[in-house]
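>>> Sequence plus the predicted model coming up.
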Amino acid sequence: MPFIIVNEVFERIASIGVLPNMIIYLMRGYNMEAANGANLLFISSAVSNGLAIFGAFLSDAYLGRFRVITLGSFSSLIENCNLG
């Protein structure tokens, strides 16, 4: 159980730490305005956090707690790699 809590804390810290760098990257690499880049990252973060409800349902109904945590951690990794 402590592994799960620590994993989630580090995942949140990594996701939040990437956001300012991503705004600068979107401004320079894709010539986006700061507001548009912030909106894009906000939507991505909202979808990622909103899928927790779907994951909770999936975990309780079908897959089991640890399998869904592994799947969620992997999808978060893929999201962070795709944004960067």
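Done, it's in.
>>> what's the longest helix in the protein?
helix 2-29 (DSSP state H).
>>> Toward the C-terminus, what is the element adjacent to it?
helix 34-58 (DSSP states H and E).
>>> Okay, buried residues for that following helix please.
Gly37, Ala38, Leu40, Leu41, Ser44, Ser48, Gly55, Leu58 (16 or more other C-beta atoms under 10 Å). Where you see a C-beta, it was placed from the backbone N, CA and C, and this is true even at glycine.
>>> Make JSON lines out of these and add pLDDT and distance to Met1.
Shown next, in JSON lines, are those (pLDDT from 0 to 100; distance: C-beta to C-beta, whole Å):
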{"residue": "Gly37", "pLDDT": "92", "distance to Met1": "37"}
{"residue": "Ala38", "pLDDT": "92", "distance to Met1": "35"}
{"residue": "Leu40", "pLDDT": "91", "distance to Met1": "35"}
{"residue": "Leu41", "pLDDT": "89", "distance to Met1": "31"}
{"residue": "Ser44", "pLDDT": "85", "distance to Met1": "29"}
{"residue": "Ser48", "pLDDT": "79", "distance to Met1": "23"}
{"residue": "Gly55", "pLDDT": "76", "distance to Met1": "17"}
{"residue": "Leu58", "pLDDT": "79", "distance to Met1": "20"}
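>>> what mean pLDDT does the longest helix of the chain have?
Averaging pLDDT along helix 2-29 yields 87.
>>> For it, which helices and strands make contact with it?
Helix 2-29 makes packing contacts with helix 34-58, helix 65-83 when contacts are defined by 3 or more C-beta pairs under 8 Å, 6 or more residues apart in numbering; DSSP states H and E.
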